[in-house]
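Peer 1: everything below, folded, please.
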Amino acid sequence: MGSTGDNQGATAKGGYMFQKILVALDRSMISEHVFDNAISLAKATGANLLLLHVLCSEEEDCPKMPTLTTLEYFPVDSTLFENYQKNWQIYENQGLKLLQSLAEKATVAGVNTEFTQKVGNPGRAICEVGQTWGADLVLLGRRGRSGLNELLLGSVSNYVLHHASCSVLAVQGRTQTKVETPPNDQTATAS
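Peer 2: As a prediction, this is how the structure comes out:
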């Protein structure tokens, strides 16, 4: 938007109004929080949402490809591969059902929403879909990995922050805080 005098997308208060928000979701607990934030932001700005789920091997419930541990399994038993394909289809369908359910919730909330599911590296897929769709903002969750975990497992949010062609909002997962209660050693009794 620069200083060309083009105020399309500007709100009455002079801030930027997002028109297209890409919402990257997975099956983790943080996705519900990300989705809630996306609905609030879309309602406040009048933006359209595109919900994205990326099928990838890092997701906890992703079926694992059969591996060869000994030569007696070579060539791969066809039933192992058939079971893998069946489990992958279930995994894929569950992702689509999740997206469809969330899109329905968003529509009921008055937000224009569509969804898509891709296979591949989550960071790259998010950036590619965001650019292709023309997103003004990518909204995604942040698990808070750091140090060795981030080095070994990677960070999708970090990748997207550095490679997206638009603004990125990383939503931190809700943390459970333990409230300490004072010991009950000095209880008063009524006499």
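
Peer 1: distance-wise, check the residue nearest in space to the middle of the chain relative to Glu32.
Peer 2: By C-alpha atoms, centre = their mean, the chain has its centre lying nearest to Leu25, at 2.3 Å. Distance of Leu25 to Glu32, computed by C-beta to C-beta, to the nearest Å: 9 Å. Backbone N, C-alpha and C define where each C-beta goes, glycine included.

Peer 1: with Leu98 instead?
Peer 2: Distance of Leu98 to Glu32, computed by C-beta to C-beta: 11 Å.

Peer 1: which residue ranges of the protein form helices?
Peer 2: With helices called from DSSP state H, the chain shows them at 30-45, 78-108, 122-133, 147-153, 156-163.

Peer 1: wait, Gly130 sits on Ser167?
Peer 2: No - contact criterion C-beta atoms under 8 Å: Gly130 and Ser167 do not qualify, at 10.0 Å.

Peer 1: give me the common contacts of the two.
Peer 2: Common neighbours of Gly130 and Ser167 (criterion: C-beta atoms under 8 Å, 6 or more residues apart in numbering): Val138.

Peer 1: quick one, which of the two is more surrounded?
Peer 2: Neighbours were counted for Gly130 and for Ser167 using other C-beta atoms under 10 Å; Gly130 has more, 27 against 15.

Peer 1: contacting residues for the more buried one?
Peer 2: Contacts of Gly130 (C-beta under 8 Å, 6+ apart): Leu22, Val138, Ala164, Ser165, Cys166.

Peer 1: narrow those residues to those in strands?
Peer 2: Mapping these onto strands (DSSP state E) picks out Leu22, Val138.

Peer 1: now, of the contacts of Gly130, which are buried?
Peer 2: Buried by 16 or more other C-beta atoms under 10 Å: Leu22, Val138, Ala164, Cys166, out of those.

Peer 1: my guess is the second one meets Leu25, correct?
Peer 2: No - proximity of Val138 to Leu25 does not meet the contact threshold set by C-beta under 8 Å, at 11.6 Å.

Peer 1: between Leu98 and Glu32, which one's more packed in?
Peer 2: Shown here are Leu98 and Glu32; by other C-beta under 10 Å, Leu98 has more neighbours (19 against 14).
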